[in-house]
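Visitor: Okay, predicted coordinates and the sequence, questions at the end:
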Amino acid sequence: MKYNYRVEFLKIGGDKRLVFRLPDELRVVEMFMNSDIQSEYMSKKFKDYCTQVQNGKLKEKAFSGNIFSTTIKPDYVQIIDKYSEKNNVISIETSELILLIEAFVNERKKHTI
């Protein structure tokens with residue numbers, strides 16, 4: 001995995017919430033993971049789309065969540081913050097995003113959130 005991550009816990013209304021932190025240059029990816037794909041179901045669904053595109057079953061896949069729109073291509077995924085006043089767009093290698101999603105899911109399981 002090319003990028004380091006860390007896990008934090010925030011108290012929100014008396015509940016403890018796991019937050020997946022990434023380097024500053026991946027801030028949009030961090031926000032995407034902590035919002036649109038935070039559930040195990042959505043993480044699996046998005047990862048499956050990435051794998052299908054990488055394996056050539058799909059040419060590309062557009063995916064729109066609550067806050068972010070994504071375009072998955074074999075080599076990279078473009079993530080766009082739909083509501084940002086700034087042009088918050090980032091591209092990340094598809095294989096690296098898959099690894100980060102797997103780490104995110106594993107951390108959630110480890111901490112049973």
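Guide: Nice, I can see it. Numbering: from 1, shown residues only.

Visitor: Now tell me what touches the longest helix seen in the chain from outside.
Guide: Determined from DSSP state H, the single longest helix within the chain is helix 94-110. With Cβ atoms under 8 Å, 6 or more residues apart in numbering as the test, helix 94-110 has contacts from 1-3, 5, 7, 18, 20, 22, 29, 33, 37, 40, 43-44, 46-47, 50-51, 53-54, 72-77. For the C-beta atoms, the positions are set from N, CA and C on the backbone; glycine is no exception.

Visitor: Give me the buried entries from these.
Guide: 3, 5, 18, 20, 22, 29, 33, 37, 43, 46-47, 50, 53-54, 72-73, 76-77 (16 or more other Cβ atoms under 10 Å).

Visitor: quick one on the thing from earlier: narrow the contacts of helix 94-110 to those in strands?
Guide: Of the positions in the contacts of helix 94-110, 7, 18, 20, 72, 76-77 sit in strands, assigned by DSSP state E.

Visitor: ok, those residues vs Lys86, which is closest?
Guide: Among the ones in strands among the contacts of helix 94-110, Val77 lies closest to Lys86 (Cβ to Cβ), at 19.4 Å.

Visitor: so that closest one bridges to which residues?
Guide: Per DSSP bridges, residues listed as beta-bridge partners of Val77: Ile72, Ile92.

Visitor: pretty sure it contacts Lys47?
Guide: No - here Val77 does not reach Lys47: they are 10.9 Å apart, not a contact under Cβ atoms under 8 Å.

Visitor: if I read this right, Val89 contacts Ile80, doesn't it?
Guide: Yes - contact criterion Cβ under 8 Å: Val89 and Ile80 qualify, at 4.9 Å.

Visitor: Looking at these two now, which is surrounded by more residues?
Guide: Ile80 (18 against 12; other Cβ atoms under 10 Å).

Visitor: The more buried one sits in which helix or strand?
Guide: According to DSSP states H and E, Ile80 maps onto strand 76-81.
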